[in-house]
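1. Predicted model, plus sequence, below.
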Amino acid sequence: MDSLHRTPASLSPYELIFGALFSIPTSHYFLAFLFCSLIFLYNFLEFHFLEDVFSGFRGRPVSLTFNSRSQIYEGVVSKCKILHGR
């Protein structure tokens, strides 16, 4: 049997997969890599420009969480007159 004219039934699954992957233009691989890189950098660097644009640059309210039994909290509140009354 000639290796150039093999029927799909005689090809291994790996040959079919690699044949399909090699038929995709390299520009599509480059665009996919660029898109994934931009998404990664957008989330990793926390540069949320699009989120700010869609919210009208209003930002978000600040929500602070604390543990009232923390030694650091006790040390700061005990020395700060403004926070001591809260």
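-> Good, I have the coordinates.

2. gap between S68 and V76?
-> For S68, the distance to V76 (Cβ to Cβ, to the nearest Å) stands at 12 Å. For the C-beta atoms, the positions are set from N, CA and C on the backbone; glycine is no exception.

3. Looking at the two, which is more packed in?
-> Set side by side, S68 and V76 show more neighbours around V76, with 13 against 7, by other Cβ atoms under 10 Å.

4. tell me the pLDDT at that one?
-> V76 is assigned a predicted lDDT (pLDDT) of 81.

5. Over to P8?
-> 67.

6. Renumber starting at 52 from here on
-> With 52 as the first residue, the last one maps to P59.

7. In this structure, mark out all the strands, start to finish.
-> Listed in chain order, the chain contains no strands at all (DSSP state E).

8. Could you point out which residue ranges in it have low pLDDT?
-> Per-residue confidence of the chain (counting by pLDDT under 70) places the weak regions at 52-57, 59, 134-137.

9. The chain: helices as residue ranges?
-> With DSSP state H as the criterion, the chain has helices at 64-73, 77-95, 100-105, 122-130, 132-135.

10. Serialize these to CSV and add fields for distance to S114.
-> Formatted as CSV, those follow (distance: least, Cβ to Cβ, whole Å):
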stretch, distance to S114
helix 64-73, 47
helix 77-95, 21
helix 100-105, 17
helix 122-130, 16
helix 132-135, 17
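
11. looking at those helices, which is closest to T58?
-> When the helices of the chain are compared for distance to T58 using Cβ to Cβ, the nearest one is helix 64-73, at 11.7 Å.

12. and that closest one, how far out from the chain's middle?
-> Relative to its chain's centre, helix 64-73 lies at 29 Å (Cα atoms, centre = their mean, to the nearest Å).

13. Now do that helix and helix 77-95, the angle between them.
-> Taking axes from the mean of the first three to the mean of the last three Cα atoms, to 10 degrees, one finds that helix 64-73 is oriented at 80 degrees with respect to helix 77-95.

14. Pull out the buried positions in helix 64-73.
-> Neighbour counts using 16 or more other Cβ atoms under 10 Å place no residue of helix 64-73 among the buried ones.
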